[in-house]
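> Based on what follows, work out the 3D shape:
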Amino acid sequence: MTPLQRISFVAFWFFIVTSAWGAKDYGLKPLQIATDTYVLLGKNEHFNFRNGGNIVNTGFIVTDEGVIVIDSGPSRLYGEQLRAAIGRITKRPILKLFNTHLHPDHILGNQAFEEFPIAALATTIDGIREQGELFNDSMYRLAGAWMAGTRVVVPTETVQPGSLEIGGHRLQLIEMKGHSHADLMILDQTTGVLFAADMVFHGRTPTTPHADLGQWLDALDTLSKLDFKLLVPGHGSVVEGTRSIEQTRDYLRWLRSYLNEAAEQGMTMAEVLQPDAPPSITGLAVFKEEYQRSVTHLYPAIEAKALRLGRVEQE
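Purely as a prediction, here's the structure:
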């Protein structure tokens, strides 16, 4: 290690340690949106040292038998503070935590719920087992001291799509894919609240690290036909009706069309990073950052496909 590298290393850990001295508080405030039903809204931002990764919506349902928790947040600390927030609402026991998909802001609070059943789709469990440590390392870099003591806890129970009745609430567990390889949505048919997780974004640019845009758009068509009153997106405010579904669909359609057309025109990735997009697209929160991430996720394969098709047409 060179002297400069040693200085950088010491400076980095000095920042982490000194940051950890200050009390970290996510300020979690459960918002009641229906009978027995609460959400904790994350910020429409990117991960950073100020928000500690709190950009995600989590939620819980207080049933007669106990509490159903939906996603655990981005860190051990978030999970602990989520449990405390639930405890301020009810003294009923926690029955089960559902992880809707594998992304770190939804699952790295599992540690705080380790003594309870943690449930997820089979593919999600495999993904967390295979990639969880990489996600955790990445979150340490993005959120710093907020992540102190966080470790990956893999779900212990496999979810099967279908109906589940708990404490007077009829829950429909719905398996989809598109945002990730396995996306769980939970529709409480008793209250009409749909926890759509990251299949739907509202007022925020969708993220695409594991996305299949075609599958996602097909799933949104199915989702829009469900019978629900309120929709809780994975990111953004709670909304009535299908407006957030349409907003997510519009963005994904624009993204797919723009990237395909750019590839057909032979545009380089550097050129694609400066898009010509309508205000309804650029006005979404964190558009620039998430669009650029999507280009790195999606454009190489789209570009390669366009090149293959071009060669076939020339032959």
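
> Any regions of the stretch 201-315 of the chain where pLDDT drops low?
Flagging of the stretch 201-315 of the chain using pLDDT under 70 yields the residue ranges 309-315.

> Show me where it has its helices.
Listed in chain order, the helices of the stretch 201-315 of the chain (DSSP state H, counting those that start in this stretch) span 213-223, 243-264, 269-272, 279-282, 287-314.

> which one of those helices lies closest to Gly59?
With C-beta to C-beta, the closest approach to Gly59 among these belongs to helix 243-264: 15.3 Å. Placement of C-beta: from N, CA and C, glycine included.

> Could you dump the helices of the stretch 201-315 of the chain into TSV and include mean neighbour count and distance to Leu108?
TSV is the format used below for the helices of the stretch 201-315 of the chain (neighbours: other C-beta atoms under 10 Å; distance: least, C-beta to C-beta, whole Å):
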stretch	mean neighbour count	distance to Leu108
helix 213-223	17	23
helix 243-264	18	24
helix 269-272	14	30
helix 279-282	12	30
helix 287-314	14	19
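
> Figure out which of those helices is closest to Glu165.
Among the helices of the stretch 201-315 of the chain, if distance is taken as C-beta to C-beta, the winner is helix 213-223, at 22.4 Å.

> now for that closest one, which elements pack on it?
Counting contacts by 3 or more C-beta pairs under 8 Å, 6 or more residues apart in numbering; DSSP states H and E, the secondary-structure elements packed against helix 213-223 are strand 169-176, strand 193-201, helix 243-264.

> closest one to Leu226 among the ones you listed?
Each of the helices and strands packed on helix 213-223 has some distance to Leu226 by C-beta to C-beta; the shortest is strand 193-201, at 6.5 Å.

> got the angle between that closest one and helix 243-264?
20 degrees (axes from the mean of the first three to the mean of the last three C-alpha atoms, to 10 degrees).

> Strand 193-201 pairs with which strands, and in what direction?
In the sheet containing strand 193-201, its partner strands are strand 183-188 (antiparallel), strand 230-235 (parallel), by DSSP bridges.

> gap between that strand and the chain center?
Here the centre of mass of C-alpha atoms in strand 193-201, compared against the chain's by C-alpha atoms, centre = their mean, to the nearest Å, lies 10 Å away.

> do stretch 129-141 as well
That offset, for stretch 129-141, works out to 14 Å (C-alpha atoms, centre = their mean).

> Likewise for stretch 69-85?
Relative to the chain's own centre, stretch 69-85 is displaced by 14 Å; criterion: C-alpha atoms, centre = their mean.

> Same question for that stretch: list its buried residues.
Of the residues in stretch 69-85, 69-83, 85 count as buried by neighbour count, 16 or more other C-beta atoms under 10 Å.

> same deal with stretch 107-116?
By neighbour count on 16+ other C-beta under 10 Å, the buried set for stretch 107-116 is 107-113, 116.

> Adding pLDDT and secondary structure, write those out as TSV.
What follows is the buried residues of stretch 107-116, written out as TSV (pLDDT from 0 to 100; DSSP: H, G, I helix; E, B strand; the rest coil):
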residue	pLDDT	secondary structure
Ile107	98	helix
Leu108	98	coil
Gly109	98	coil
Asn110	98	helix
Gln111	98	helix
Ala112	98	helix
Phe113	98	helix
Phe116	98	coil
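
> sorry, back to before: and which of the buried residues of stretch 69-85 is nearest Leu95?
Val69 (8.5 Å).

> hang on, Ile118 packs against Thr158?
No. Checked against C-beta atoms under 8 Å, the pair Ile118 and Thr158 is beyond contact range at 10.7 Å.

> more crowded one of the two?
Ranked by neighbour count (other C-beta atoms under 10 Å), Ile118 and Thr158 place Ile118 first, with 22 against 12.
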